[in-house]
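A.B. asks: I would like the atomic coordinates for the input below:
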Amino acid sequence: MSELNQNKEVIDKLLDEYKGKASIDGDNKELHNAIVSYLERHIYSLKSLIEQSKSIKYSDFIKLLNEKSSQLGDDKDMSKLLKMLADDKFNNLISYFSQKYPVLNENELRIISLISLGYDNDGIAFCTGMTRESVRTKKTRIKNKMELDMALDAFVTQEKLIRSSK
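C.D. replies: Below you'll find the model as predicted:
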């Protein structure tokens, strides 16, 4: 089997694993489906890039692949979607965080949105294009920026519960 076909199979397997892995309850099904649809578009675009790799130099292919991966991690549409869903579901939770903690940037608010929507480190890593270790590091940095004395996940959950009861 060619390396190209192996790469396609790996991408398909990752998507299938994600579709099956995320725990979906009634409330998160809409979000999960939106994220899977979004990721599928990017994955098919990566597959197209792999097809192009036959006709370009390896170094150019790696450069294009890195650009595409960073687009997935920095996509503004995904950030807006996550913020909108978390705000809608939890009484403007992300808007509250962005006002209370103006030091937080869009990527940090996206991590908080994913936490509020029930994603664990693996899910956050997959949705942002980061590694699990990078997610843990990012969460620690966010916690420090917010000057929290508890874990970020616990704090987001606490605020989510408070805002949900209003």
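A.B. asks: so Leu148 is in which element?
C.D. replies: Using DSSP states H and E, Leu148 maps to neither a helix nor a strand.
A.B. asks: let me fix that, I meant to ask about Arg163.
C.D. replies: Assessed by DSSP H and E, Arg163 sits inside helix 152-164.
A.B. asks: mind saving the C-alpha coords of that helix as CSV?
C.D. replies: C-alpha atoms of helix 152-164 as CSV (Å, rounded to 0.1, in the frame of the first residue of the first chain):
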residue,chain,number,x,y,z
LEU,A,152,-9.9,25.7,35.1
ASP,A,153,-12.4,22.8,34.3
ALA,A,154,-13.8,23.0,37.8
PHE,A,155,-14.1,26.8,37.7
VAL,A,156,-15.9,26.7,34.3
THR,A,157,-18.2,24.0,35.5
GLN,A,158,-19.0,26.0,38.6
GLU,A,159,-19.7,29.2,36.6
LYS,A,160,-21.8,27.1,34.1
LEU,A,161,-24.0,25.8,36.9
ILE,A,162,-24.4,29.2,38.5
ARG,A,163,-25.4,30.8,35.2
SER,A,164,-27.6,27.8,34.2
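A.B. asks: what residues does that helix touch?
C.D. replies: Helix 152-164 has contacts (CB atoms under 8 Å, 6 or more residues apart in numbering) with 90-93, 96-97, 112, 115-116, 139-140, 142-143, 146, 148, 150. For every residue, glycine as well, the C-beta is placed using N, CA and C.
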